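Asker: What shape does this take:
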Amino acid sequence: MVHNAQALASCDVYTPPPLARAMVTALGNRPSDRWLDPCVGRGVFLHELANLGVSAAQVTAIDIAQPTEPCDPKVATFHGVDFIGWSQATDQRFDKIVANPPYLALSRLDASLLMPVLALTTPTGTPLGRNANYWCAFVYAAMNLLRPGAAICFVLPAAWEYADYASQLRESVPQHFSRFHIHRSRKPLFDGIQDGSVVIIGWGFGERNAETRRFEHHNREQLVSALLDDSPVPPVDDTTFHPAALAHDLQWPTARPLGEVLTVHLGGVTGDVNYFLMSEDQRSERELPLESVRSVVSRAGHLASGELTQSAWESLRDSGERIWLFYPPDHLLDHKAVRAYLGLMPSQGGCHQDRYKIRSRWPWYRTLLPAVADGFASGMSKYGPWISLRGMPELTATNTLYVIQFRYKMDQDAKAAWALSLLTSVARQQLHRLGRAYPDGLVKHEPSDLNRVMVPIPSVSKGAQSHYLAAVRFLLEGEPKKSQGMADQWFERMREQPDI
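Answerer: Numbering: from 1, shown residues only. Coordinates of the predicted model:
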């Protein structure tokens with residue numbers, strides 16, 4: 001039995017600096033990112049974060065033991081704090097979490113450390129069994145602290161791949177990330193330790209899983225090299241890149257920030273997508289009335305043209321896509337099927353009401369949605385962001401997509417003209433600088449990136465909608481140059497003939 005924190009800390013196996021360096025580099029850093037190191041130990045991750053350029057103000061660090069050797073004095077480190085218990089009490093959320101958690105059977109924990117573990121809420125809603133290991137609790141607790149779109153990187157024992165107690169963990173965790181990689185070394189990662197290890201890394205928390213891959217490496221050096229290959233291209237330093245200057249250099253003197261024209265928000269965060277999102281067949285099987293659901297788009301693949309019309313959405317519905325959001329109004333709460341669905345236990349397919357996003361809203365069964373949706377965009381794309389204008393009343397989106405709202409009332413042609421400005425050469429060059437590129441060719445843009453982009457001001461909008469639909473069609477057909485050319489042509493025509 002482990003009786004105190006110092007004894008628990010003695011179970012730690014310290015991460016070699018080259019591995020720590022590769023892990024934090026693979027996650028990447030932006031000035032707005034908030035980082036968490038939940039088990040500091042000797043502070044190797046803190047040291048490598050500083051080398052990466054992460055400021056001390058961005059980092060929160062937790063360690064159950066009192067320091068035996070110096071860590072970064074600038075970082076807010078909470079010593080003598082049980083991370084699992086702390087994770088259940090804090091309201092802080094993070095963009096990046098990196099860790100080498102302790103490897104210890106739960107049966108060896110004393111009551112003060114075991115109780116928070118048994119009270120832990122897992123993303124699947126099932127409790128962590130007493131036969132599990134402490135590192136499993138660290139992974140689950142970390143996931144409960146992630147912001148949408150966040151990333152994690154953990155070094156874990158090889159038991160991740162084969163242990164019965166970890167089966168649910170390894171099956172469910174990758175599904176919560178858009179990309180999830182597992183790196184295994186045939187030779188030990190730690191000096192003097194013969195047990196095998198793996199490094200897991202997930203990007204895009206809360207987004208639809210598009211890729212889960214496993215890699216096996218001959219030794220630690222090859223694994224470290226592979227992690228560095230996973231690393232996104234570092235973004236441009238916000239302090240040195242000025243979109244307005246680039247717009248001026250490209251001779252677009254009438255440009256303005258896109259954020260002055262429209263707002264970009266995340267779609268609704270359900271907290272439990274498997275409960276709230278459903279296909280038409282699932283809605284029908286549950287006998288839920290149409291009034292109890294909202295029409296939504298829930299993934300980038302649903303954006304297939306420059307305008308999302310009623311017929312396009314109906315095609316998604318008829319093809320079995322999850323395009324309904326459970327959202328019952330008050331007058332339907334006593335409806336037999338609605339009442340039955342609200343009352344389901346998680347083990348029966350019901351909602352995991354103890355998850356943070358769900359328990360923090362009232363009523364829990366109504367996802368908070370943007371008030372107005374004029375269009376939708378994906379933050380992750382191959383050719384850069386573009387807007388699919390809403391052409392269907394009441395349509396909204398979940399948080400795998402961005403919701404676009406124009407600040408001023410305008411018709412569809414005017415909206416299309418501004419959307420067209422985002423496809424111009426001046427906008428695309430800025431977006432290329434602002435985005436974060438990934439090895440698979442996808443580029444990630446945050447809402448703040450779109451807000452900063454300087455776009456040309458359309459002086460006329462008549463006919464813009466059909467022109468925009470054609471430009472987006474070229475983009476989606478893999479011809480971004482033609483798309484950009486069409487957008488430039490629209491604005492060049494107005495610049496040459498300002499009175500048209």
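
Asker: List phi and psi for A119.
Answerer: Torsion angles at A119 (phi, psi; degrees, to the nearest 10) stand at phi -90, psi 0.

Asker: my guess is it contacts Q88, does it?
Answerer: Yes - under the criterion of C-beta atoms under 8 Å, A119 is in contact with Q88, at a separation of 6.7 Å. Glycine gets a C-beta too; all of them are placed from N, C-alpha and C.

Asker: higher neighbour count, those two?
Answerer: Neighbour count, other C-beta atoms under 10 Å: between A119 and Q88, Q88 has more, with 16 against 13.

Asker: quick one, what contacts the more buried one?
Answerer: Taking C-beta atoms under 8 Å, 6 or more residues apart in numbering as the definition of contact, the neighbours of Q88 are P116, A119, L120, T121, A141, N144.

Asker: got the CA positions of the helix or strand where it lies in PDB?
Answerer: Assigning secondary structure by DSSP states H and E places Q88 in helix 83-89. Provided in PDB are the C-alpha atoms of helix 83-89 (Å, rounded to 0.1, in the frame of the first residue of the first chain):
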ATOM      1  CA  PHE A  83      -4.000  15.700  -9.700                       C
ATOM      2  CA  ILE A  84      -7.000  13.400  -9.900                       C
ATOM      3  CA  GLY A  85      -8.800  15.200  -7.000                       C
ATOM      4  CA  TRP A  86      -7.800  18.600  -8.400                       C
ATOM      5  CA  SER A  87      -9.100  17.800 -11.900                       C
ATOM      6  CA  GLN A  88     -12.600  17.200 -10.400                       C
ATOM      7  CA  ALA A  89     -12.600  20.500  -8.600                       C
END
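
Asker: which neighbours does the helix or strand just after that helix have in its sheet, and in what orientation?
Answerer: Moving toward the C-terminus from helix 83-89, the first helix or strand encountered (DSSP H and E) is strand 94-99. Counting by DSSP bridges, the strands paired with strand 94-99 are strand 35-37 (parallel), strand 146-157 (parallel).

Asker: Flag every buried residue along the helix or strand following strand 94-99.
Answerer: Downstream of strand 94-99, the next assigned helix or strand under DSSP H and E is helix 111-118. Neighbour-count burial for helix 111-118 flags L113, L114, P116, V117 (criterion: 16 or more other C-beta atoms under 10 Å).

Asker: Setting the sequence-adjacent residues aside, check what's closest to N274.
Answerer: G349 (7.8 Å; C-beta to C-beta, 6 or more residues apart in numbering).

Asker: Phi and psi next, for that neighbour.
Answerer: Residue torsions, per degrees, to the nearest 10, at G349 are phi 100, psi 10.

Asker: was I right about it contacting D272?
Answerer: No - contact criterion C-beta under 8 Å: G349 and D272 do not qualify, at 10.5 Å.

Asker: which one of the two has more residues nearby?
Answerer: Shown here are G349 and D272; by other C-beta under 10 Å, D272 has more neighbours (21 against 12).

Asker: Let me know the pLDDT of that one.
Answerer: According to the model's per-residue confidence, D272 sits at a pLDDT of 93.

Asker: residues in contact with R214?
Answerer: Residues in contact with R214, defined by C-beta under 8 Å, 6+ apart, are H181, I182, R184.

Asker: residues of the helix or strand containing the first one that come out buried?
Answerer: Following DSSP H and E, the helix or strand that holds H181 is strand 177-185. Using 16+ other C-beta under 10 Å as the test for burial, strand 177-185 gives F177, S178, R179, F180, H181, I182, H183, R184, S185.

Asker: Any chance of TSV for the residues you listed, columns distance to R473 and pLDDT?
Answerer: Supplementary listing: these in TSV, determined by distance: C-beta to C-beta, whole Å; pLDDT from 0 to 100:
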residue	distance to R473	pLDDT
F177	31	90
S178	25	88
R179	28	88
F180	32	92
H181	34	92
I182	38	91
H183	39	91
R184	43	87
S185	46	83
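
Asker: out of the residues you listed, what pair is the most spread apart?
Answerer: With distances taken as C-beta to C-beta, the most widely separated pair in those is S178 and S185, at 24.9 Å.

Asker: re earlier: P18 is nearest to which of the strands paired with strand 94-99?
Answerer: Closest among the strands paired with strand 94-99, using C-beta to C-beta: strand 146-157, at 12.1 Å.

Asker: just how off-centre is whichever helix or strand comes after the closest one within its chain?
Answerer: Moving toward the C-terminus from strand 146-157, the next helix or strand (DSSP H and E) is helix 159-162. What separates the centre of helix 159-162 from the centre of its chain is 25 Å, taken as C-alpha atoms, centre = their mean, to the nearest Å.
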